[in-house]
Every structure is written in structure tokens, then in C-alpha cells.
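Enquirer: Sequence first, then the predicted structure, then my questions.
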Amino acid sequence: MTDLYDDPKIYEGGNLRPFPHEERGSERGRAKDPVKFLQAVHQRARERQVAYETVKILRKRVIECYRREGVNHYDNCKEPVEDYYKVIIQKDLGQLHPNWANPEKHDGW
């Protein structure tokens, strides 16, 4: 939390779509299309990091509001707390998932 007093970071991205996902042929087998498989793996890793960083940024906003408002944080910090709560209750913090052939197999990563 050493960067708590840095300038706020702004996300200027848009909506992303997952790469065409390619699962492995068998439990330990090769993927039918290795390029698609690796692109999907890299995108999942990026999405996971983006989700974690989003939570960290929202948490910092809540902490800053609590420190700024003091005893009035119950009334004045509802918006940052609601934004933080909406993100953390989502499955995998709202990160993008490919269309799995068997979603139960890959639930929770």
C-alpha cells in the first residue's frame, strides 16, 4: 500500500471478448490448435491480473474514503464501498471466461 498517495489510475479500455478457446485433446494430451490454446491461456492470465488489480484499486478508494471522512464514513463512503462489494462478490472477481465445453470442470480455476 505504499502507492496509496500516487495519482489515481484510470481504466480507458473497452469490452473484451475471449480468444477462441481450444481445450486439450485429453487429460494430458496436446491441444488441437496450440496457437489458440496459448492465446487463451495468456488471456486468462491477463484477465486474472486485471481483476486482482481492479480489486486493489477499489479497496484503496474505500480506505482513502474512510480516512478522509473519519466518523462520517457510514454516510459519505457508500458509493466506493458498493463498487468494491459489487466486484468482490462476482465469480472470479468478474474476470472474462472462455466458453468451456464442460464448465464444471474449470469452475474456480
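Expert: Alright, I've got the coordinates. Since the model is a prediction, treat every value here as computed from it, not as a measurement. Residues are numbered from 1 along each chain as shown.
Enquirer: In the host helix or strand of Lys36, which residues are buried?
Expert: Using DSSP states H and E, Lys36 falls within helix 34-69. Buried positions in helix 34-69, judged by neighbour count with 16 or more other CB atoms under 10 Å: 36-37, 39-40, 43-44, 47, 50-51, 54, 57-58, 60-62, 65-66. No exception for glycine: its C-beta is placed from N, CA and C like everyone else's.
Enquirer: right, and the helix or strand after that helix?
Expert: Helix 34-69 is succeeded, C-terminally, by helix 73-76 (DSSP H and E).
Enquirer: for that next one, packing partners?
Expert: Identification of packing neighbours for helix 73-76 by 3 or more CB pairs under 8 Å, 6 or more residues apart in numbering; DSSP states H and E yields helix 34-69.
Enquirer: can you pull the buried residues of stretch 71-78?
Expert: For stretch 71-78, the neighbour count (16+ other CB under 10 Å) marks His73, Cys77 as buried.
Enquirer: In PDB, list the C-alpha atoms belonging to that stretch.
Expert: As requested, the backbone C-alpha atoms of stretch 71-78 are provided in PDB (Å, rounded to 0.1, in the frame of the first residue of the first chain):
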ATOM      1  CA  VAL A  71     -16.600   9.100  11.700                       C
ATOM      2  CA  ASN A  72     -18.900  10.100   8.900                       C
ATOM      3  CA  HIS A  73     -17.800   7.300   6.600                       C
ATOM      4  CA  TYR A  74     -21.100   5.400   7.100                       C
ATOM      5  CA  ASP A  75     -22.900   8.200   5.200                       C
ATOM      6  CA  ASN A  76     -20.200   9.500   2.900                       C
ATOM      7  CA  CYS A  77     -18.500   6.300   1.700                       C
ATOM      8  CA  LYS A  78     -21.400   4.300   0.500                       C
END
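Enquirer: from now on call the first residue 160
Expert: Will do, 160 is the new start, and the previous item becomes stretch 230-237.
Enquirer: Now it: average pLDDT?
Expert: For stretch 230-237, the mean pLDDT works out to 93.
Enquirer: Where does the prediction get shaky in this protein?
Expert: For the chain, the stretches with pLDDT under 70 are 160-163, 167-188, 255-268.
Enquirer: Please repeat the previous calculation with a cut-off of 80.
Expert: In the predicted model of the chain, residues 160-193, 195-196, 198-200, 250-268 satisfy pLDDT under 80.
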